[in-house]
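Engineer: Sequence first, predicted coordinates after that:
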Amino acid sequence: MRKLLFILITTALFAYSCGEKQVVTQAQIDQLAIEQFLTDNQLEAQSTASGLHYIINTAGSAEKPGDEASITVGYVGKLLNGTVFDQSTNFTGELNQMIEGWQEGIPLIGAGGKIKLLIPSALGYGSQATGKIPANSVLQFDVTLHSFTNP
């Protein structure tokens, strides 16, 4: 993370010294943090247009949960520095009531599937601090989809 901060500060100082007005967005900061995390942990992920990065460890069943599915999952939620902020072995809820990163990522697997989600802050809790999660945090979740019911 120090490396990321150094890169961001160096880029901003270079742009300033060149007389350019360059704004670094939260999405760019999140993208750099995710890329650094993947590099540091020697992981390869796929990504979506929204900035969600994911690694499917086990695909699960062919049928996938829909937008309004009721899902039962086991998960561990961490910050990129490894701090666990939440976990459950058997959580059930409506997919459309969950953070956008889950709404987009969990339908990529079927029942029995396992996925790692790297969620940029805009698809998580954004600029709001929530419990142990600081504002503008990139989140990582290791999720096992136990079962789901599509309406």
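Structural biologist: It's in.
Engineer: now V84: how far from Q103?
Structural biologist: To Q103, V84 is 22 Å away according to Cβ to Cβ, to the nearest Å. All C-beta atoms are positioned from the backbone trio N, CA, C, and that covers glycine.
Engineer: Which one's more surrounded, those two?
Structural biologist: Q103 (16 against 10; other Cβ atoms under 10 Å).
Engineer: ok, the closest residue in space to that one that isn't next to it in sequence - contacts?
Structural biologist: Nearest residue to Q103 in three dimensions, chain neighbours excluded: L95, at 5.9 Å (Cβ to Cβ, 6 or more residues apart in numbering). With contact taken as Cβ atoms under 8 Å, 6 or more residues apart in numbering, L95 is in contact with 65-71, 102-103, 106-107, 148.
Engineer: mind redoing it with 7 Å?
Structural biologist: 65, 67-69, 71, 102-103, 106 (Cβ atoms under 7 Å, 6 or more residues apart in numbering).
Engineer: Can you verify my assumption that L79 contacts S137?
Structural biologist: Yes: L79 lies in contact with S137 (Cβ atoms under 7 Å); the separation is 5.8 Å.
Engineer: of these two, who's got more company?
Structural biologist: S137 (25 against 16).
Engineer: follow-up on the earlier one: do you know the pLDDT at the residue nearest to Q103?
Structural biologist: Note for L95: predicted pLDDT of 98.
Engineer: Ok, the one 3 residues further on next?
Structural biologist: At M98 the predicted local distance difference test score is 97.
Engineer: Equivalent analysis for N81, please.
Structural biologist: Taking N81 on its own, its pLDDT is 96.
Engineer: Y16 too?
Structural biologist: 50.
Engineer: Also Q22?
Structural biologist: Here the pLDDT value assigned to Q22 is 76.
Engineer: give me the number of residues near it?
Structural biologist: Q22 has 10 nearby residues by other Cβ under 10 Å.
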